[in-house]
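> Turn this into a structure:
(one chain, ligands or ions: 1)
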Amino acid sequence: MPDTPTFAVIPGGQVQDTLRGKEKLVVDLVARTYQVHGAGDSVNPPSYFLRFPDRPSSRIIALPASIGGDVQVDGLKWISSFPENVQAGLPRASAVLILNDPATGYPFACLESSIISACRTAASAALAADVLSRDRGRPARVGFVGTGLIARYIHQFLAGTGWSFDQLGVFDLSADSAAGFRGYLESAGTTGEITVHDSAESLIRGSDLVVFATVSGEPHVHDPAWFEHNPLVLHVSLRDLSPEIILASTNVVDDVEHCLKANTSPHLAEQRTGNRDFLDGTLAQVMSGEVTVPADRPVVFSPFGLGVLDLAVGKYVYDEITRDGGLNVVEDFFHELRRYG
Ligand SMILES: NC(=O)c1ccc[n+]([C@@H]2O[C@H](COP(=O)([O-])OP(=O)(O)OC[C@H]3O[C@@H](n4cnc5c(N)ncnc54)[C@H](O)[C@@H]3O)[C@@H](O)[C@H]2O)c1
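Predicted coordinates:
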């Protein structure tokens, strides 16, 4: 007789306690997951976008995935984005992650996943900042365009993996968000000089590492001249840059098929040119040395966000909580287990 399947629920507090102070570990985990995915030991179909005709700014995305390597888990991230939440004092995104046993298919855990999602996104950005600046010099001036929760996590992961900056630029359409982020930077013990910019242009021109974490649905930055100092751009929000800027840059993505969808800026560039020649490769290919990154052009990293990353981080959280004896198992969750009663 196989063991009776169990089902655990892991709340956000347990997730946060497990991941606190583990920035380096999560970045290493994300790097290994990109390598496993790049080597083909994963299944990561296109994300499914549920949209609503009566609520066009909102969406819920399903990211089913399966990861091999030394993680070995299947599952689904189900993440909603309701930008109007922010005005009401709630975070934009909320999420759960379901982990399934690859031997039986049984789901064995449901985790609060907005924290896992923010951590894996920030870890991917910090990894890209490191990998893509190795042959170009390490940026000392960072600028954040869009300063919500994801920007905060990206700064936390950069700081937690050894980055420090002489200058930190902040730009947001909302003065409250810019002020809130500035307050966060000060409370995080930032030593560099913090400047709140009044335009994306002055921030971009004054930064060697530019982070986009807006909720813009279409390009709002159009002029390639703003990038003539060849910054490294972490284009986490995916839809900020015009095709002209993408075409004038070295372009690195997490996964080509994923990233060239859903009207991301690289997708718009593909529609404009009718080809993918402007793509230089994936982050895994840069990590393996197969693709090199020149210093005489801007470099844009556009990560679509892969479900395999959520699975890897979620399984780590599950394993750690299990090891510590803190797992909340829901008794009798799978109740109908005998075929004939
Ligand atoms: N690629 C990935 O893997 C991944 C993962 C998670 C989140 N994201 C993306 O990150 C982005 C940020 O998420 P968040 O949770 O921090 O959102 P948020 O709502 O907390 O913050 C977004 C901020 O962007 C600002 N903003 C909007 N348009 C702007 C513009 N044109 N210029 C400057 N600022 C602007 C808003 O005022 C707001 O303060 C979202 O687009 C989300 O989809 C990407």
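> Can you read off the pLDDT for the closest residue to the ligand within the chain?
Here the residue of the chain nearest the ligand is residue 148; by Cβ to the nearest ligand atom that distance is 2.0 Å. C-betas here are computed from N, CA, C, even on glycine. At residue 148, the pLDDT value in this model is 96.
> how far away is it from residue 178?
Using Cβ to Cβ, to the nearest Å, residue 148 is found at 11 Å from residue 178.
> if you count what's nearby, which of those two comes out ahead?
Counted by other Cβ atoms under 10 Å, residue 148 and residue 178 do not tie: residue 148 has more neighbours, with 22 against 19.
> Contact partners for that one?
Going by Cβ atoms under 8 Å, 6 or more residues apart in numbering, residue 148 touches 86, 92, 172, 177, 181, 213, 215.
> For residue 69, state which of the residues you listed is nearest.
residue 213 (28.5 Å; Cβ to Cβ).
> Could you export the contacts of residue 148 as CSV, including neighbour count, secondary structure and pLDDT?
Formatted as CSV, the contacts of residue 148 follow (neighbours: other Cβ atoms under 10 Å; DSSP: H, G, I helix; E, B strand; the rest coil; pLDDT from 0 to 100):
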residue, neighbour count, secondary structure, pLDDT
86, 16, helix, 93
92, 17, coil, 94
172, 24, coil, 98
177, 18, helix, 96
181, 26, helix, 98
213, 26, coil, 98
215, 17, coil, 94
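> just the residues you listed that are near the ligand?
Subset of the contacts of residue 148 in contact with the ligand: 86, 92, 172, 177, 213, 215, counting by Cβ under 6 Å from any ligand atom.
> The fifth one touches residue 122, doesn't it?
No. When contacts are counted by Cβ atoms under 8 Å, residue 213 is not listed as touching residue 122 (9.5 Å).
> Which neighbours do those two have in common?
With Cβ under 8 Å, 6+ apart, residue 213 and residue 122 have common neighbours 150, 154.
> quick one: stretch 219-232 near the ligand?
Yes. With Cβ under 6 Å from any ligand atom as the measure, stretch 219-232 is seen reaching the ligand through residue 220.
> What are the buried residues along that stretch?
219, 221, 224, 226-227, 230-232 (16 or more other Cβ atoms under 10 Å).
> List the contacts of it.
129, 132-133, 136, 139, 145, 200-201, 204-205, 207-210, 214, 233, 239-245, 248-249, 265, 268, 295-299, 301.
> Could you export the longest helix along the chain as PDB, CA atoms only?
In the chain, with assignment by DSSP state H, the single longest helix is helix 114-133. Extracted C-alpha coordinates of helix 114-133, given in PDB (Å, rounded to 0.1, in the frame of the first residue of the first chain):
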ATOM      1  CA  SER A 114       3.200  36.500  -3.700                       C
ATOM      2  CA  ILE A 115       6.400  36.400  -1.600                       C
ATOM      3  CA  ILE A 116       7.800  33.500  -3.500                       C
ATOM      4  CA  SER A 117       7.000  35.200  -6.800                       C
ATOM      5  CA  ALA A 118       8.600  38.500  -5.700                       C
ATOM      6  CA  CYS A 119      11.700  36.700  -4.400                       C
ATOM      7  CA  ARG A 120      12.200  34.600  -7.600                       C
ATOM      8  CA  THR A 121      11.700  37.700  -9.700                       C
ATOM      9  CA  ALA A 122      14.200  39.700  -7.700                       C
ATOM     10  CA  ALA A 123      16.700  36.900  -7.600                       C
ATOM     11  CA  SER A 124      16.500  36.600 -11.400                       C
ATOM     12  CA  ALA A 125      17.100  40.300 -11.700                       C
ATOM     13  CA  ALA A 126      20.100  40.200  -9.200                       C
ATOM     14  CA  LEU A 127      21.500  37.200 -11.100                       C
ATOM     15  CA  ALA A 128      21.200  39.000 -14.400                       C
ATOM     16  CA  ALA A 129      22.800  42.100 -13.000                       C
ATOM     17  CA  ASP A 130      25.800  40.000 -11.900                       C
ATOM     18  CA  VAL A 131      26.100  37.800 -15.000                       C
ATOM     19  CA  LEU A 132      25.500  40.600 -17.600                       C
ATOM     20  CA  SER A 133      28.000  43.100 -16.000                       C
END
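> Could you pull up the mean pLDDT of that helix?
98.
> That one: what's the following helix or strand?
Next along the chain after helix 114-133, taking DSSP states H and E as the criterion, comes strand 141-145.
> Now do the domain split for the protein, please.
For the chain, whose domains are defined here by the TED database, the residue ranges read 7-116+307-330, 122-302.
> end-to-end on the shortest one?
Between the opening and closing residues of domain 7-116+307-330 we find a distance of 6 Å, counting by Cα to Cα, to the nearest Å.
> Stretch 159-172 now?
Per Cα to Cα, the first residue of stretch 159-172 is 21 Å away from its last.
> Buried by neighbour count: which residues of it qualify?
For stretch 159-172, by 16+ other Cβ under 10 Å, it's 159-161, 163, 165, 167-172.
> Inside strands: which ones of the residues you listed?
167-171 (DSSP state E).
> which among the residues you listed are in contact with the ligand?
Counting by Cβ under 6 Å from any ligand atom, the members of these near the ligand are residue 171.
> Can you add pLDDT and give the ones in strands among the buried residues of stretch 159-172 back as JSON lines?
Converted to JSON lines, these look like this (pLDDT from 0 to 100):
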{"residue": "167", "pLDDT": "98"}
{"residue": "168", "pLDDT": "98"}
{"residue": "169", "pLDDT": "98"}
{"residue": "170", "pLDDT": "98"}
{"residue": "171", "pLDDT": "98"}
